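[1] starting from these lines, generate the structure:
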Amino acid sequence: MSNKPRQPKHLSPDAKQLVSDPTSTVRPQEDQSVESRSNSAPAHAVRPLKEQSAGKASNSPTTRAVRPKDVRRRVFVPMHVVVRQKDTKRLVSAPTRGKRPTEADLRPRNIVSAPTRGKHPQEEQSAENASHSAPAHAIRPKNARRQALVPKHLLNPRKKQTAKETDAMPALTVIDARAERRARLSHTSIRLIPMATLGIVVYTALIIAFVVLERFGILNIPFSYSAGIEAYALSAILVLGLIPILTSSILILAFKPTSNYVLGLRSIPTSYVSAPIAGFLTGLLLWCITQLISTFDVAIVRYLKTPEIWNSGLFYFGKSPRSALTVLLVAVLLPATSVELLARGLIQQALTTGRSYAFAGIASSLLFALPYFDIDGLTILVIGGIFSFWIRLRTDSLIASALATASFSLAMITSQSIFTSIGQMLFHVPLIELSKIRVFLLMCSFILVVLLLIPTALIKETGKRIDEESKRFDDHRRGRKRKKKRDDGERDAANKSTRYALYGITSLSVVVLATLVILTR
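    A predicted model of the protein is given here:
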């Protein structure tokens, strides 16, 4: 085994000579150039494989520097490969091959700055230049929190938003479906004002035609409730059944109103119980008050009598089961179905569009109480009509008002029998003395008032809910910032004119029917 040193294969002949014979001399220029190159190159730098300057200077063979064994081989990464630094968590491009990395190479390249909302473009460019000129050692520490990208209008909550920012932000609104349906129902009521006007005209014309035909003997139907059970039934069926049903059929076929307009929106189920109870108690209370007033000698007593249709109905009610069934069908069922369909289902909604509830209640009650042709019982009939109007208004249900009307009529028919039985049960003898009758009627009136508070409270609670729904819709409509167009003003003027025409025709019809009742008395 020889002690001859191993010569690298890549060395030039001169280098091989230096390695094999250390005592040999080398030309001073080459030695100096090699020494200068070895001193100028740093320890950590990687020396290129070929010297370009030496190749350009002379055609002499170049020498290659020997890398010490303790220097590790540096791995060169291509430019398109990106190294992720662990300490900064940012993407940094690799240094170029064969060159010392500069500050531009160490600076993060894939960092996106937060949007500068509301800044001038020059300010954005200056901010970008400042970020590029930042030194490489200005690295965000690990424990530093990332700044959230918050919009500019939220950084200062006290600052008022401009109109543009408010329009740009999406509006979050809660839609009340029931209030929207009620608003649609209100628009339908305004649209169907001509239907109510036509209904009042047709109803009045048919009543006038019936009276004229009866006066001239064309109709052999005596218009009297006390002429027998047959005349009682025929006259009531014609006035309270046929004429209202014929008028309602014409209006429904011509205008096709919606079911919500006629029947009302879905009402609370408690109104179907509270309305008939309130109607029955109201009928009993009204009979007690009228009988109590009749014990005094006053002039108003003659106008507080029980209507003939209910007074005669009490007389026919106890004769036979057939006559009792006829009385129930004529005096209870017909006013609660045909009259209520026309009065509360097709006309009342249009009369209440102008918020004039007092006029609408009194006018509609007079309009449908006068065809009974009973002046002495007109006050009771009008009070019953106003009560039915109030039930329809507070519950928004035609079924509730129909049940209240039926129970009111039943109470007026059976009230005398009920109070007579209660008096005999309490005093064991019929009441004859006037003072005892007054005390008894006064006591019954107070008891009925207390009992009447419960169903009326339930009905008022239902009415409050309806008013709140209407108020929510009105507030929502006022909150919308819309410019009122000329067409809207013309439409409002047209609605007012049709409403005033409805009020005028209603008043004229009441006057005509009142005159007709006075002439036929």
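
[2] how many residues are close by Ser318?
    Not Ser; residue 318 is Gly. Number of residues near Gly318 (other C-beta atoms under 10 Å) recorded here: 10. Backbone N, C-alpha and C define where each C-beta goes, glycine included.

[3] how about it: what's its closest non-neighbour residue?
    Ala324 (7.3 Å; C-beta to C-beta, 6 or more residues apart in numbering).

[4] what about that neighbour, which SS state?
    The assignment at Ala324 comes out as helix when based on DSSP: H, G, I helix; E, B strand; the rest coil.

[5] what does the one 5 residues further on give?
    Classification of Leu329 using three-state DSSP returns helix.

[6] any idea how far it lies from Leu234?
    For Leu329, the distance to Leu234 (C-beta to C-beta, to the nearest Å) stands at 12 Å.

[7] between these two, who's got more neighbours?
    With neighbours defined as other C-beta under 10 Å, Leu329 and Leu234 compare such that Leu234 has more, 18 against 14.

[8] tell me the spacing between Pro307 and Val510.
    As judged by C-beta to C-beta, Pro307 and Val510 stand 18 Å apart.

[9] er, Arg215 actually
    As judged by C-beta to C-beta, Arg215 and Val510 stand 21 Å apart.

[10] between the two, which one's more packed in?
    Set side by side, Arg215 and Val510 show more neighbours around Val510, with 20 against 12, by other C-beta under 10 Å.

[11] identify the residues contacting Pro244.
    Shown in contact with Pro244 (C-beta atoms under 8 Å, 6 or more residues apart in numbering): 203, 338-339, 341-343.

[12] want to throw those into TSV with distance to Arg181, neighbour count and secondary structure?
    Below are these laid out as TSV (distance: C-beta to C-beta, whole Å; neighbours: other C-beta atoms under 10 Å; DSSP: H, G, I helix; E, B strand; the rest coil):
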residue	distance to Arg181	neighbour count	secondary structure
Tyr203	29	25	helix
Ser338	27	20	helix
Val339	27	24	helix
Leu341	22	22	helix
Leu342	24	26	helix
Ala343	23	27	helix
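
[13] for the longest helix seen in the chain, name the packing helices and strands.
    In the chain, with assignment by DSSP state H, the single longest helix is helix 434-479. Secondary-structure packing of helix 434-479 (3 or more C-beta pairs under 8 Å, 6 or more residues apart in numbering; DSSP states H and E): helix 177-191, helix 271-294, helix 378-395, helix 398-427.

[14] quick one: mean pLDDT over stretch 437-451.
    Stretch 437-451 comes out with an average pLDDT of 93.

[15] wait, I meant stretch 468-478
    Mean predicted confidence for stretch 468-478 is 61.

[16] just want the angle from the helix or strand where Leu516 lies to helix 378-395.
    Here Leu516 sits within helix 486-519, counting by DSSP states H and E. If you take axes from the mean of the first three to the mean of the last three C-alpha atoms, to 10 degrees, helix 486-519 sits at 150 degrees to helix 378-395.

[17] list the buried ones in helix 486-519?
    Judged by neighbour count (16 or more other C-beta atoms under 10 Å), helix 486-519 contains these buried residues: 498-499, 502-503, 505-506, 509-510, 513, 516-517.

[18] can I get those residues in CSV with pLDDT?
    Formatted as CSV, the buried residues of helix 486-519 follow (pLDDT from 0 to 100):
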residue, pLDDT
Thr498, 88
Arg499, 88
Leu502, 92
Tyr503, 93
Ile505, 95
Thr506, 95
Ser509, 95
Val510, 96
Leu513, 94
Leu516, 92
Val517, 91
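
[19] and which of those is nearest Tyr316?
    Tyr316 lies nearest to Val517 out of these, by C-beta to C-beta, at 23.5 Å.

[20] so that closest one sits against Phe373, correct?
    Yes. Val517 is in contact with Phe373 according to C-beta atoms under 8 Å; the separation is 5.5 Å.

[21] related to what we said a few turns ago, and the longest helix of the chain with helix 398-427, angle?
    Going by the same axes, to 10 degrees, helix 434-479 makes 160 degrees with helix 398-427.

[22] Leu213: neighbour count?
    For Leu213, the neighbour count with other C-beta under 10 Å is 12.

[23] so which bits of the strand or helix carrying it are buried?
    Applying DSSP H and E as the criterion places Leu213 in helix 193-215. The neighbour-count criterion (16+ other C-beta under 10 Å) identifies 193, 195-200, 202-204, 206-207, 210-211, 214 as the buried residues of helix 193-215.

[24] tell me the helices and strands packed up against that helix.
    helix 243-255, helix 348-351, helix 486-519.

[25] C-alpha coordinates for the first helix or strand past it going along the chain, PDB please?
    Next helix or strand after helix 193-215 toward the C-terminus (DSSP H and E): helix 229-237. In PDB, the C-alpha atoms belonging to helix 229-237 read as follows (Å, rounded to 0.1, in the frame of the first residue of the first chain):
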ATOM      1  CA  ILE A 229    -148.500  31.900  11.400                       C
ATOM      2  CA  GLU A 230    -148.700  31.600   7.600                       C
ATOM      3  CA  ALA A 231    -148.700  35.400   7.000                       C
ATOM      4  CA  TYR A 232    -146.000  35.700   9.700                       C
ATOM      5  CA  ALA A 233    -143.800  33.200   7.900                       C
ATOM      6  CA  LEU A 234    -144.400  34.500   4.300                       C
ATOM      7  CA  SER A 235    -143.800  38.100   5.100                       C
ATOM      8  CA  ALA A 236    -140.600  37.400   7.100                       C
ATOM      9  CA  ILE A 237    -139.300  35.000   4.400                       C
END
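
[26] now do the phi/psi pair for Asn220.
    phi -90, psi 50 (degrees, to the nearest 10).

[27] please begin residue numbering at 664 from this point
    Taking 664 as the first residue, the last one we looked at is Asn883.
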